[in-house]
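A.B. asks: starting from these lines, generate the structure:
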Amino acid sequence: MSKIRGTAVERELVHMFWDRGWAACRVAGSGSMRYPSPDILASNGISLFAVECKSSRKDNIYIPLQEMKELEDFSRLFKALPLIGTRFAKQEWRFVKPDMASTTEKFAVFKPGQGATFDQLTK
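C.D. replies: Below is the predicted model:
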């Protein structure tokens, strides 16, 4: 995913959270500093999500297992629910807990239609 496209999908998701009455923000420096951090933090005052966003025009999304571990480590310290937000071309957002992903030796693998929809997540 290009940096410009990645930023656009992250912003799309932030707007969706706000439109649903949740507070959400993009995390500055996510993926570019030595400390682990998610792409988005979102909360409604009851639930707190740490979301790593991925989009693709391909059939699957592959995330290095180390990146998944870093999301889980951050989320544990922040007391947030770690989620992978996936956005496949012409499909709605889906949200998967890291431990629900299928894995290869080095990657977690996400497929279209896997996980909760945005409506299910924010109810």
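
A.B. asks: the closest residue to residue 29 other than its chain neighbours: neighbour count?
C.D. replies: Nearest non-adjacent residue to residue 29, counting by CB to CB, 6 or more residues apart in numbering: residue 37, 6.7 Å away. Quick note: C-beta positions are derived from backbone N, CA and C, even for glycine. Other residues near residue 37 come to 18 when the count uses other CB atoms under 10 Å.

A.B. asks: just use 364 as the starting number from now, easier for me
C.D. replies: Noted, 364 is the first residue going forward, which turns the last one into residue 400.

A.B. asks: my read: residue 400 touches residue 440, true?
C.D. replies: No - the pair residue 400 and residue 440 does not pass the contact test of CB atoms under 8 Å, sitting 10.7 Å apart.

A.B. asks: helix or strand: which one has the residue of the chain positioned farthest from its centre?
C.D. replies: Residue farthest from the centre of the chain, counting by CA atoms, centre = their mean, is residue 468 at 21.2 Å. Following DSSP states H and E, one finds residue 468 outside all helices and strands.

A.B. asks: quick check, pLDDT for it.
C.D. replies: pLDDT for residue 468: 97.

A.B. asks: how about the one 5 residues further on?
C.D. replies: Looking at residue 473, its pLDDT stands at 97.

A.B. asks: what secondary structure does residue 439 sit in?
C.D. replies: At residue 439, secondary structure determined by DSSP: H, G, I helix; E, B strand; the rest coil is helix.

A.B. asks: gap between it and residue 378?
C.D. replies: For residue 439, the distance to residue 378 equals 28 Å [CB to CB, to the nearest Å].

A.B. asks: got it, and residue 442?
C.D. replies: Going from residue 442 to residue 378 by CB to CB gives 25 Å.

A.B. asks: which one's more surrounded, those two?
C.D. replies: Higher neighbour count among residue 442 and residue 378: residue 378, with 11 against 8, using other CB under 10 Å.

A.B. asks: just say helix, strand or coil for that one.
C.D. replies: Once three-state DSSP is applied, residue 378 turns out helix.

A.B. asks: for residue 415, same thing?
C.D. replies: Look at residue 415: counting by three-state DSSP, its state is strand.

A.B. asks: run a quick neighbour tally on it.
C.D. replies: Residue 415, neighbours per other CB under 10 Å, totals 25.
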